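Colleague: Pasted the sequence and its predicted model underneath.
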Amino acid sequence: MDAGVSPSRFDGQAKLLVRSLLSGPSGARRALGVFHRQQRANPEVSLSNFIETLCRGEITCPDTGAKPLAVQPLVCLFPALFKQNLLSFIHLVHPVLPQTAVTHLLKCFSQDPHPSPWVSALVRQLERNLGAHDTEPLHSPLCSQRLKELSQRLVGFGETAGWAKCFSGQTVDSESQTGSGLSEFGTQRKRKGSFVTLDSDGEEMGQQSKRIKMDVCGSECLDTEEQSAKEEILESDTPVETAEDLPPASGGPSDTLPEHIKVSVLQIKELLESQTEWDQSSMDVFKVLNDCDPGQVEVLCSMLSLPDLPEQTLPKLCSCILAPCSDLSYSTASALIKSLLLEKVLTLSEPASRCLVTAASSLCSRCPRPMCHALIGPVLEEQNIGNPQAELLNRLIEGCLDSHYRLLVLQMTFKIVWNEAVLSIIHSLLDSKPDLSEELFSQFIEQLVIQGPHFTKSVKFAKMMLTVLTKYSSHVTAAHKHSLHGCLMLNETFLKKPLQAALKRISHT
């Protein structure tokens with residue numbers, strides 16, 4: 001913002017809009033999100049005062065003392081980026097604004113002593129939307145002159161229908177004597193061709209020809225300033241909400257998202273960054289998750305930097321995700337759980353915070369299968385997990401998982417190397433008395449025998465064995481007893497005798 005522009009000119013709501021419009025290339029979209037939240041909080045909110053403030057005269061001091069003080073509209077004192085974002089924002093919301101207010105604002109732009117081509121093009125585009133200047137071209141006179149010179153140079157002086165001959169809708173192949181390279185160039189960059197505004201609603205072929213011609217001009221003749229104007233006019237010919245204030249197409253992850261999901265990403269990001277309470281209407285933005293495929297959910301999570309969210313935000317975020325999206329698909333829920341929780345759980349060095357436990361419990365209760373595969377399984381597979389991870393997983397297992405999913409977690413432990421933390425998780429699973437089939441119990445006994453030699457001095461392992469021999473005595477077969485007897489012989493803890501006694505009682509049944 002110019003040094004002469006005081007933020008005190010605006011009220012609280014308008015200051016938020018100003019801040020959004022100054023925030024960078026995405027300023028128009030940010031301002032739209034702010035305005036929508038203000039509308040939800042107060043349906044009577046209006047932009048009239050905001051526009052009126054921008055149109056007020058402001059005394060300015062010239063760069064040199066030779067000129068007297070001047071009065072300019074406040075909007076002219078803002079940087080070019082603000083003006084571009086403001087005009088794009090007005091383009092998005094002008095249907096709900098009084099036409100007189102928009103017209104007045106556009107007239108104020110005409111008093112700008114140093115207008116940029118980009119801003120001028122946006123002004124003219126808005127004037128067209130309001131029904132004015134229908135035939136005035138969007139490009140500058142300088143650009144028009146250069147277009148004429150280029151046309152003459154490429155086609156020849158006095159030759160009629162030269163451009164139409166090259167681009168009349170007929171296929172121009174590489175063997176054509178005239179304009180072959182030009183045709184190829186126009187085909188490659190045809191999307192960039194909406195530079196010239198048509199003077200009439202003429203034939204479609206004529207429109208295509210002009211679009212291709214203007215792209216050639218943009219690539220060969222325009223200097224930096226004119227090229228910027230060309231690109232902005234390009235954007236103006238398409239809906240501004242899909243071209244303005246989004247990251248440029250550079251092959252990044254966001255390019256894979258449809259426009260409406262990109263809008264929701266920005267709204268969610270602003271919601272996460274805000275310090276205000278979330279109302280029900282704010283939560284509705286999370287409904288976009290139902291429109292995402294698995295790949296888009298991962299891109300969305302990355303753009304929102306969900307792994308880096310502070311833990312105190314998690315409970316509120318999880319309740320928002322689950323409330324409107326109770327039918328989350330397995331893949332969507334898995335991607336969200338992995339992004340939100342996995343890194344935080346793996347890096348625990350002390351007991352999990354209340355916020356982390358609350359968030360994990362809510363997701364585990366509503367999405368148990370994704371929770372098992374996206375969080376519990378990967379944590380178990382981590383070789384260096386400790387007591388903080390085991391304590392959290394035990395709370396989830398005991399409080400959120402039914403017998404079916406407890407059996408699933410138990411099967412996961414058959415595929416990993418056990419340690420003390422894993423032993424406590426297995427013990428917790430067995431204590432909950434899931435309904436073990438004969439086959440599953442035999443697999444478990446096999447794991448006890450295989451991994452037992454590593455825990456001859458482990459009290460946790462001995463306690464787990466005692467649970468098996470007391471709570472699951474009816475599952476123990478003769479083959480199991482033989483295997484367990486060899487395992488108990490290696491035990492060196494104070495529980496060895498109680499274990500042998502428990503095994504002996506089974507042998508007499």
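Modeller: Sure, I can see it. Numbering: from 1, shown residues only.
Colleague: My read is that Asp291 contacts Val263, right?
Modeller: No - counting by Cβ atoms under 8 Å, Asp291 sits too far from Val263 to count as a contact (11.6 Å). Where you see a C-beta, it was placed from the backbone N, CA and C, and this is true even at glycine.
Colleague: Not counting sequence-adjacent ones, nearest residue to Cys76?
Modeller: Leaving aside its sequence neighbours, Cys76 sits nearest to Asp112 (Cβ to Cβ, 6 or more residues apart in numbering; 4.4 Å).
Colleague: now swap in Ser365 and tell me
Modeller: Going by Cβ to Cβ, 6+ apart, Ser365 has Cys400 as its nearest residue, at 4.7 Å.
Colleague: my guess is that neighbour contacts Pro368, does it?
Modeller: Yes - Cys400 is in contact with Pro368 according to Cβ under 8 Å; the separation is 6.7 Å.
Colleague: Would you list the phi and psi of Asn491?
Modeller: Phi and psi for Asn491, reported as degrees, to the nearest 10, are phi -70, psi 140.
Colleague: Could you give the number of residues near it?
Modeller: By other Cβ atoms under 10 Å, 20 other residues sit near Asn491.
Colleague: same question, the one 4 residues further on
Modeller: When neighbours are defined as other Cβ under 10 Å, Leu495 has 17 of them.
Colleague: give the contact list for the nearest residue to it once chain neighbours are set aside.
Modeller: Distances taken as Cβ to Cβ, 6+ apart put Ala462 closest to Leu495, at 4.0 Å, once the chain neighbours are dropped. Taking Cβ atoms under 8 Å, 6 or more residues apart in numbering, we find Ala462 in contact with Asn491, Thr493, Leu495, Lys496, Leu499.
Colleague: Please identify which pair of the residues you listed lies farthest apart.
Modeller: Distance extremes for the contacts of Ala462: the farthest pair is Thr493 and Leu499 at 8.6 Å, using Cβ to Cβ.
Colleague: who has more neighbours, those two?
Modeller: For Thr493 versus Leu499, neighbours defined as other Cβ under 10 Å are more numerous around Leu499 (21 against 18).
Colleague: quick one: stretch 468-481 to chain centroid distance?
Modeller: 52 Å (Cα atoms, centre = their mean, to the nearest Å).
Colleague: oh sorry, the question was meant for stretch 488-496
Modeller: Using Cα atoms, centre = their mean, the offset of stretch 488-496 from its chain centre is 55 Å.
Colleague: Put the alpha carbons of it into PDB.
Modeller: Output in PDB follows, covering the C-alpha atoms of stretch 488-496 (Å, rounded to 0.1, in the frame of the first residue of the first chain):
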ATOM      1  CA  LEU A 488       8.100 -71.400  28.700                       C
ATOM      2  CA  MET A 489      11.300 -73.400  29.400                       C
ATOM      3  CA  LEU A 490      13.300 -70.400  28.100                       C
ATOM      4  CA  ASN A 491      11.500 -67.900  30.400                       C
ATOM      5  CA  GLU A 492      13.700 -66.300  33.000                       C
ATOM      6  CA  THR A 493      11.300 -64.000  34.800                       C
ATOM      7  CA  PHE A 494       9.600 -64.400  38.200                       C
ATOM      8  CA  LEU A 495       6.400 -65.400  36.300                       C
ATOM      9  CA  LYS A 496       7.900 -68.600  35.000                       C
END
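Colleague: what is the mean pLDDT for it?
Modeller: Averaging pLDDT along stretch 488-496 gives 88.
Colleague: swap in stretch 148-159?
Modeller: 64.
Colleague: Please identify the helix or strand for Val71.
Modeller: Assigned by DSSP states H and E, Val71 belongs to strand 70-73.
Colleague: Which secondary structure elements does that strand sit against?
Modeller: strand 57-60 (3 or more Cβ pairs under 8 Å, 6 or more residues apart in numbering; DSSP states H and E).
Colleague: switch to 10 Å and redo it
Modeller: strand 57-60, helix 99-109 (3 or more Cβ pairs under 10 Å, 6 or more residues apart in numbering; DSSP states H and E).
Colleague: in terms of contact, does Glu343 touch Asp308 like I think?
Modeller: Yes - if you go by Cβ atoms under 10 Å, Glu343 and Asp308 touch, sitting 8.8 Å apart.
Colleague: Looking at the two, which has the bigger crowd around it?
Modeller: Between Glu343 and Asp308, Glu343 has the larger neighbour count (other Cβ under 10 Å), namely 12 against 9.
Colleague: residues near the residue nearest to the more buried one when sequence neighbours are not counted, how many?
Modeller: Leaving aside its sequence neighbours, Glu343 sits nearest to Pro307 (Cβ to Cβ, 6+ apart; 4.8 Å). Pro307 has 14 neighbours, counted by other Cβ under 10 Å.
Colleague: Ala421 - nearest residue in space that isn't next to it in sequence?
Modeller: Closest to Ala421 by Cβ to Cβ, 6+ apart is Ala390, at 4.0 Å.
Colleague: Kindly apply the preceding question to Ser116 instead.
Modeller: Ala80 is the one closest to Ser116 (Cβ to Cβ, 6+ apart), at 4.8 Å.
Colleague: Help me confirm that the one you found comes into contact with Val119.
Modeller: Yes - look at Ala80 against Val119 with Cβ under 10 Å: they come within range, at 6.2 Å.
Colleague: Return every residue with contacts to both of the two.
Modeller: Asp112 (Cβ atoms under 10 Å, 6 or more residues apart in numbering).
Colleague: about what we covered before: for the strand holding Val71, which positions count as buried?
Modeller: For strand 70-73, the neighbour count (16 or more other Cβ atoms under 10 Å) marks Gln72, Pro73 as buried.
Colleague: One more: stretch 268-286?
Modeller: Ile268, Lys269, Glu270, Leu271, Leu272, Trp278, Ser282, Met283, Val285, Phe286.
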